[in-house]
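J.: based on what follows, work out the 3D shape:
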Amino acid sequence: MTTKTLFITGASSGIGAETARAAAEAGWNVALFARSQDKLEALVAGLGETRALALPGDVTQIAELDHAVRETQARFGQINAVFANAGRGLDTPGVAEGDPEEWRSMMDINVMGLLFTVKASYAALQESKGHLILTGSAAGKRHIKGSIYGASKWFVHGFGGNMAEEMREWGGRCTVIAPGMVDTPFFDSPKPDKLQPEDVAHAVMHALSAPERASVQEIFLMPTQ
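T.: Predicted structure coming up:
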């Protein structure tokens, strides 16, 4: 059987990097897209160049995503799953003290970067009847006073549900992974008592490994403390 391929954005650290490791361990090829070329190359060195491909690029640039998808297909053939994981938060939360330019930068990644990733990979997923996975958040499932970041994740959850409806028409699946606080470089200080990136990676692999008759549309995981 041909080895399956997973394309990951935001792959250079945190959840993306741990998912790459988990997928490679499970026998997948992994195509790794992020801005940090040195981190991607180090990750590929650890996973093995026969199984992993470094694709430096910016999710806010659809031409770079288009190129990365073509490179992945040239290297591995089909793309069987896409993990649209790239995202960022805000240094200054809320409206009153918030920075509109920072809002724009976050929305470009969290919303437009997500849409560009799906647009660039849509035909490849349709061809393979593949699986789209989106990084949502617990913040996209409840109202948090003045949270613009949370609102960006509400978009992810809504869009994920819409894609699940569309993709099932041609045999594809869409899953939103919605974690609570995760100990990643997303935060300025360590959060060792919260979820770890590998916990989220395990959730991604659970969704990917579900039998074809089952569409896992959302996984909501929270730290126990």
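J.: buried residues in the longest helix belonging to the chain, which are they?
T.: Looking across the chain with DSSP state H, the single longest helix is helix 148-167. When burial is assessed from 16 or more other Cβ atoms under 10 Å, helix 148-167 yields the following buried residues: 148-157, 159-160, 163-164, 167. No exception for glycine: its C-beta is placed from N, CA and C like everyone else's.
J.: closest one of the residues you listed to V44?
T.: Using Cβ to Cβ, V156 comes nearest to V44 of these, at 27.4 Å.
J.: I figured that closest one hits L114, correct?
T.: Yes: taking contact to mean Cβ atoms under 8 Å, the distance of 6.4 Å between V156 and L114 places them in contact.
J.: what pLDDT is listed against the residue nearest the centre of the chain?
T.: By Cα atoms, centre = their mean, the chain has its centre lying nearest to N85, at 1.8 Å. Here, the pLDDT recorded for N85 equals 98.
J.: not counting its neighbours along the chain, what's nearest it?
T.: Sequence neighbours aside, G10 is the residue nearest to N85 in space, at 4.1 Å (criterion: Cβ to Cβ, 6 or more residues apart in numbering).
J.: spit out the contact partners of the residue nearest to G140 when sequence neighbours are not counted.
T.: With sequence-adjacent residues excluded and distances taken as Cβ to Cβ, 6+ apart, G140 is closest to K153, at 2.9 Å. If you count contacts by Cβ atoms under 8 Å, 6 or more residues apart in numbering, K153 has them with 110, 136-137, 139-140.
J.: try 7 Å
T.: Contacts were defined as Cβ atoms under 7 Å, 6 or more residues apart in numbering; by that measure K153 touches 136-137, 139-140.
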